[in-house]
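A.B. asks: Sharing a model prediction with you, sequence too.
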Amino acid sequence: MKNEFIHKDDVIETDTEMTAEGVRVSVGDKTFNIVELAPGKYSIEFNGTRRIICCVVNGNKSFLDIDGILMELVIPSEDGNNAGGAGAMAGEKDKIYAPMPGKIVKLLVKEGDHVTEKQPMVIVEAMKMEHQVNSAAAGIVKKINFADGNQVNTETPIIELDLEKEE
Amino acid sequence: MKNEFIHKDDVIETDTEMTAEGVRVSVGDKTFNIVELAPGKYSIEFNGTRRIICCVVNGNKSFLDIDGILMELVIPSEDGNNAGGAGAMAGEKDKIYAPMPGKIVKLLVKEGDHVTEKQPMVIVEAMKMEHQVNSAAAGIVKKINFADGNQVNTETPIIELDLEKEE
Amino acid sequence: MAEKYFKKILVANRGEIAMRIINACRLLGIPTLAVYSTADKEAVHARSADQAVEIGPPPPNESYLSIPRIIEAAKEYGCDAIHPGYGFLAENPRLPEACIKAGITFVGPPPDAMRLLGNKVESRIKMADAGVPLIPGMKSAGVDLQEFKEAAEKAGYPVLIKAAAGGGGKGMRVVKAPQELKSAVEAAMREAKNAFGDDTVYLEKYIENPRHIEFQVLADTHGHTIHLFERECSIQRRHQKIIEETPSTALNPELRARMGSAAVKVAEAAGYVNAGTVEFLLDKNGGFYFLEMNTRVQVEHPVTEMVTGVDLVVEQIRIAAGEPISEYVRNATQRGHSIECRIYAEDGEDNFLPSSGKILYYEEPVGPGIRVDSGVTGGTVVGVDYDPILAKLIVHAPNREMAINKMINALKDYRILGIKTSRRFMIDVLEHQEFHAGRTYTNFIELHMKDRKVDIDEVSDLAAAVSSAAMMRKARANVSGGRRERQPSPWQTIGPWEIGMRIGK
Amino acid sequence: MAEKYFKKILVANRGEIAMRIINACRLLGIPTLAVYSTADKEAVHARSADQAVEIGPPPPNESYLSIPRIIEAAKEYGCDAIHPGYGFLAENPRLPEACIKAGITFVGPPPDAMRLLGNKVESRIKMADAGVPLIPGMKSAGVDLQEFKEAAEKAGYPVLIKAAAGGGGKGMRVVKAPQELKSAVEAAMREAKNAFGDDTVYLEKYIENPRHIEFQVLADTHGHTIHLFERECSIQRRHQKIIEETPSTALNPELRARMGSAAVKVAEAAGYVNAGTVEFLLDKNGGFYFLEMNTRVQVEHPVTEMVTGVDLVVEQIRIAAGEPISEYVRNATQRGHSIECRIYAEDGEDNFLPSSGKILYYEEPVGPGIRVDSGVTGGTVVGVDYDPILAKLIVHAPNREMAINKMINALKDYRILGIKTSRRFMIDVLEHQEFHAGRTYTNFIELHMKDRKVDIDEVSDLAAAVSSAAMMRKARANVSGGRRERQPSPWQTIGPWEIGMRIGK
């Protein structure tokens, strides 16, 4: 069985076959022998040593815990839509997202304002802690989609900018 | 939904309906409100107090753990065959069963022997412990189905007797 | 059976501390009543008490902070005592006052002691008179910005803005330069208002790179006031402790004795009863300054329990019932070494941003000298309404090296999927040579973890391989009789009974 | 990181003690090699070590008792030490001898001390010379029945038949009257042969209703021999301990000191090194008699660890590596109270008959002062090839009453379905007033549990109600997309990958 997983911008291809005890997975030139210990819990043998890793596939994501390191691999869906969920994508400097779901405590800018890079834009609160979100680039505030006290998620930008052209 | 369970020789009838939180089960004039905490783990509210009970339905049996008390209820199958597994039934005095799966260490009688009630008949071993099985009644050894060293289960009698008629 | 001190205790809290209290009551044979908001219908604490009652909607001030509803619930269910845990109402004197009116025992200090110590400004004055060393700063709460400006100039930057009613880093801001002062004061006041319903803040000199050393204190109604030694809580991020230990590598017997008696002096000066914690800053020269006294059971109380063998929550209940501190507790000594790591729902790889969601896989580490105080399990939905603490992992070992090693292994064995935690971050702290050397100052993370990077690319092939195994299991399951698409992990409780609906879609 | 004493340790055992050793090695940063029989391919211990190797078929003498295969595995995988645990080869001097030949360190005593103490007859003679009090009986092993008859007459009935190589109640028989003697001797010889490969048995006076008190001993290669106080193991069924505790209610400081130094005397007389246990019978008048010295880590070692704060398995490894017993250990004192309950796969409601099968549901109790040493998990298949011990439940509390209460709660929270256990039986023992009163003698169960009945009829309606809930869940699951007929419990691992085949049918 062949699988593809997206890690950051790379696609990792794997080939999996059953064995007497579990499965053997080839990734590039590496081969891993994997036995399931309990649902979600796997023993992986590689180069003669073993480690235990937990993994749950949920929706289009594979969640992993590798000695405390948490990873999420995206599983490409047939229709090719690999929306990873969490908003703020690299390079999307013209949109200000909440870093986590929560409540807008205070907007620090209004539409039309000129803002500089790193300028504080909005304060969001979740779990009783405040977080200040700064602008990733200089520009003019084009649109503000929420007001103080609104609940926000991580998908819809709070503030949209017209970026200054770099000369 | 109606269910039947066999406990010893009685049949217990229950009536189960869904509620917002879980299910409500009526047994005779008693009503239990039950919420599932995790697969196999249930919180039962009865007369205003709650307790947590674990239950797994496996094959035609329901296994329960009630504060350390272990119970098995038999679930009658459509074809009415309720074989409970473990052999030695009450009153079956003419058959000697192994009390648990194991190995016959030593047969203490041979076919044709006259045996008295409580007479040692066979020694069975499991998990490195020996267990002496005595006759439940007086009689003559009709048939011995195993030999020393044989593995035995709890379904097939080791020894069969012709019981003495009680005068 | 053990003695029964109360008929029934209402646990006015949630999460791991509610579970801790329920456990202690069960140990003493005392029935418990849990209270929960509509957000916590399926929370572990609501399911574990002998009885449970819903007291309001998710917002704390309509449920866990609502004194009338809690008193009402206590009366309705025949509770003769209330344990507040930490946070929420634990340090609000109006709760013990309401308890007195209702003829219910409050498991904690008398309201006057709480009110005095809860007010950082008044308590500073009181303790100054009692001869307890203090940090230079404002004598009273600040009213206008000008006042803060002057006090800051006088003490000299950097300065610290603190909520008078504060605790846990909330309503706290360090100000390094004058131009930051205004926004810092405003932010601190907002947070204070939110967290404690009181926006009074004040200013004091910020002592750089101190150690945070606190002493556990117990006082009964028979005139005994004792301390159960120190806890070092210097490892903090955004002014909140994440790793605590005892004994502290910074104390020798002589300094321990001096700080211990200072702690006892603070409790006595305040007329304190029950369990409390006296916090000090310890500077590089062994000088220590009284910070505040926390009038509740502390998040990090387990490390004291591990090295002294005392059950602090049981002692709280015994003291509240009028019992004297037992011989066993008065003779307690420190044995071995204990460390606690706080398991928060936060992203250790991204500024400790809170992380919410459903726990898809949950498995706790086990083994000799490993203890987990947890308020969650598989399937628990972690929301945004309350503190992000999920659990505490505590270890005990004969010495510090072994305790560190045991904790590192336990953090690796503590498996939580579905929400972010900072387990890996804490592993890296524990493995750092400066931590092993015992050079733990409050700026440790700033100083040593700043450039920390986890190379997940290095394990991406491994991750893909394991994911493939998981996919294979799923595929086979589907082939063979169409099992549910989602492969449940051992603890992934599909909200009870909803399976049908799920698959209905 | 903690010191590393060996390159790699082979764990020559299975089940909970193998896991205990693997944990200790991990704590010290020492890699482990597990060995397993074909019956244990999926056993927890085989899955938890850094490496694992199959050493033979299920019968012990072809796998776990095969010295050549174990030595071979150690060499092949580069192990420089072997830890035998308890049972199997733990007290067979041929293993340490083979280790010496192979240049591998044996984590245990030298072969000569083991051989001496392993032979109950020789050790009795040796200890008599050393002035240790003994029970009257045969001076040497019995050869023919006549000899046993005479010895029995001389000591006076009842008498006890014991295996010279014995332990754990195997090859042991009480004989109350002459006519029982023959069959008892034969049975004892058979069991001894099976369990230890040696059918030598002997006879001694049977002391009625004694207490079984044992002392934990540690001896290093630097001339230190110390004891870590007592364990009371009087609660036994068929001569096998099921509940152990420390401190013993029967000892005062003076008696404790006398028995402790007798224990040290035994170890010294035998030239003992590493961890061992000296067993005594204590009669009603405070007279104590040397029974035997167990030359291994004891099943019940955790209760000593809980009250002294010492990690005995770590000490075994340190001592084997030539380290002296540390200051910390030499200064250990008893603090609080600890109880252990053995979780056997046996039917507490039917003569403790062994119970085999698959564990369908498994959940361990958690909480402060609760420890579980386990060798199984959900899905584990418990076979008939090996000892029926599944796990050990250990609690610690400030005093005995609280420890009893904590244990009762923990036994209720320890959920195991699919095989029988005697958890409820032990709860009833712990709740018995005679146990609370500390009147624990080896005939406790005979005396107080004989007429014990569990009324399951009283809870049958409750059971049916919960079963209905389980059936409902199942039904809904089936309606909604045909999930597997069998409803997996959180831990019920359907042997990995076999789901397809299962449902194929």
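C.D. replies: Looks like it arrived, so ask away. Numbers count the residues shown, from 1 in each chain, chains lettered A, B, ... in the order given.
A.B. asks: any idea how far chain D is from the closest residue to chain B within the stretch 1-150 of chain C?
C.D. replies: Closest to chain B within the stretch 1-150 of chain C is residue C:47: 5.7 Å, counting by C-beta to the nearest C-beta. Every C-beta, even on glycine, is put in place using the N, C-alpha and C of the backbone. Distance of residue C:47 to chain D, computed by C-beta to the nearest C-beta, to the nearest Å: 13 Å.
A.B. asks: Now for that residue, how many residues are close by?
C.D. replies: For residue C:47, the tally of surrounding residues (other C-beta atoms under 10 Å in any protein chain shown) stands at 20.
A.B. asks: now swap in residue C:53 and tell me
C.D. replies: Residue C:53 has 18 neighbouring residues, counting by other C-beta under 10 Å.
A.B. asks: Please name every helix or strand in contact with the strand or helix carrying it.
C.D. replies: Using DSSP states H and E, residue C:53 sits within strand C:51-56. Here strand C:51-56 touches strand B:49-58, strand C:32-37, helix C:67-76, going by 3 or more C-beta pairs under 8 Å, 6 or more residues apart in numbering or on different chains; DSSP states H and E.
A.B. asks: If we use 6 Å, what do you get?
C.D. replies: Using 3 or more C-beta pairs under 6 Å, 6 or more residues apart in numbering or on different chains; DSSP states H and E, the elements in contact with strand C:51-56 are strand C:32-37, helix C:67-76.
A.B. asks: What segments of the stretch 51-200 of chain C are helices?
C.D. replies: Applying DSSP state H, counting those that start in this stretch to the stretch 51-200 of chain C gives helices spanning C:67-76, C:94-102, C:111-118, C:120-129, C:145-155, C:181-196.
A.B. asks: Buried ones in the third one, by neighbour count?
C.D. replies: For helix C:111-118, burial by neighbour count (16 or more other C-beta atoms under 10 Å in any protein chain shown) applies to C:111, C:113, C:114, C:115, C:116, C:117, C:118.
A.B. asks: before we move on, the earlier item: name the element the residue of the stretch 1-150 of chain C closest to chain B belongs to?
C.D. replies: Using DSSP H and E, residue C:47 falls in helix C:44-48.
A.B. asks: roughly how far is that helix from the heart of the chain?
C.D. replies: Taking C-alpha atoms, centre = their mean, to the nearest Å, the mean C-alpha location of helix C:44-48 is offset from the chain mean by 19 Å.
A.B. asks: Pick the most deeply packed of the helices of the stretch 51-200 of chain C.
C.D. replies: Highest mean neighbour count among these (mean count of other C-beta atoms under 10 Å in any protein chain shown): helix C:111-118, with a mean of 22.
A.B. asks: Any regions of the chain where pLDDT drops low?
C.D. replies: Since you didn't name a chain, this refers to chain A. Judged by pLDDT under 70, chain A has its weakly predicted residues at A:78-91, A:128, A:165-167.
A.B. asks: Let me rephrase: I mean chain C.
C.D. replies: Scanning chain C with the threshold set as pLDDT under 70 gives C:1-3, C:166-168, C:476-505.
A.B. asks: mind checking the longest helix of it?
C.D. replies: The longest helix of chain C (DSSP state H) is helix C:460-479.
A.B. asks: Packing partners of that one?
C.D. replies: So helix C:460-479, by 3+ C-beta pairs under 6 Å, 6+ apart, packs with strand A:2-7, strand A:10-18, strand A:23-27, strand A:30-38, strand A:49-58, strand A:69-74.
A.B. asks: buried ones in the last one?
C.D. replies: For strand A:69-74, the neighbour count (16+ other C-beta under 10 Å) marks A:69, A:70, A:71, A:72, A:73, A:74 as buried.
A.B. asks: does that strand come close to chain C?
C.D. replies: Yes. With C-beta under 6 Å from any C-beta of the partner chain as the measure, strand A:69-74 is seen reaching chain C through A:69, A:71, A:73.
A.B. asks: What of the second one?
C.D. replies: Yes. Under the criterion of C-beta under 6 Å from any C-beta, chain C is reached by strand A:10-18 at A:12, A:14, A:16.
A.B. asks: go on, the longest one?
C.D. replies: Yes. Using C-beta under 6 Å from any C-beta, strand A:49-58 reaches chain C at A:53, A:54, A:55, A:56, A:57, A:58.
A.B. asks: Looking at those residues, state which has the most neighbours.
C.D. replies: That'd be residue A:55 among the residues of strand A:49-58 next to chain C, by other C-beta under 10 Å, with 32 neighbours.
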